[in-house]
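In: Following is a predicted model, sequence given first.
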Amino acid sequence: MDKSYRSFVKAITWRITGSIDTFFLTFIVTNKFDFALSISFLEVFTKTLLFWVHERIWDRVRWGRKSSGFIELKVCINSSDADKGRGFLLNIKKSEIQYVFDINPGIIAIGHSAGDLSRELYVKGMTAKDLMKEIEHE
C-alpha cells in the first residue's frame, strides 16, 4: 500500500505531464496562447485532486495484486511499548506467524518464528481478526 504522500507526488508529476499535453492541444485547436495556458493551469489543481482520490481508492482494492508473502507491521517487543505507540517497522513473512490473539483493546500479540528464533511481538491499533484477514488474503 502506498503512503498518501506518495500518491500525492505521483498525482502532481502526472498532472504536470498531462497539463503540458493539454496546453499544446488547446493551443493547436484554438491558436490562443493565453486561453491554452489558463486551461492547463486550472486543470493542474482539479485533476491532481481527482487523481489523488482515485489513487487512494485503488490502493484499497486488492484485485489484481500479487501477494508478496510478507506483511509490514509496526511492532514492539513488549506490550507496554505497544500501548505507548512505540515500535519499529518489520516485514514479517506471513508463513512464519504462528499465532495471533488480542491481549488488550487495540493491542495484539503475534507469535513469530524465523529459523531458530521464536519471539512474541506486539502491535497496537489492530485486532487479531483484522490481522488474520490480512495474513490469509492472497
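Out: Happy to help now that I have it. Numbers count the residues shown, from 1 in each chain.
In: now the strands for this protein?
Out: Assigned by DSSP state E, the chain shows strands spanning 70-75, 88-93, 97-104, 107-114, 117-124.
In: could those strands be laid out in a markdown table, adding mean neighbour count?
Out: All C-beta spots, glycine's among them, are computed from the backbone N, C-alpha and C. Formatted as a markdown table, these follow (neighbours: other Cβ atoms under 10 Å):
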| stretch | mean neighbour count |
| --- | --- |
| strand 70-75 | 17 |
| strand 88-93 | 13 |
| strand 97-104 | 14 |
| strand 107-114 | 18 |
| strand 117-124 | 17 |
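In: May I see those arranged in TSV, with distance to residue 41 as well?
Out: Shown next, in TSV, are the strands of the chain (distance: least, Cβ to Cβ, whole Å):
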stretch	distance to residue 41
strand 70-75	39
strand 88-93	39
strand 97-104	51
strand 107-114	49
strand 117-124	44
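In: Tell me, how many residues neighbour residue 16?
Out: Residues near residue 16, counting by other Cβ atoms under 10 Å, number 13.
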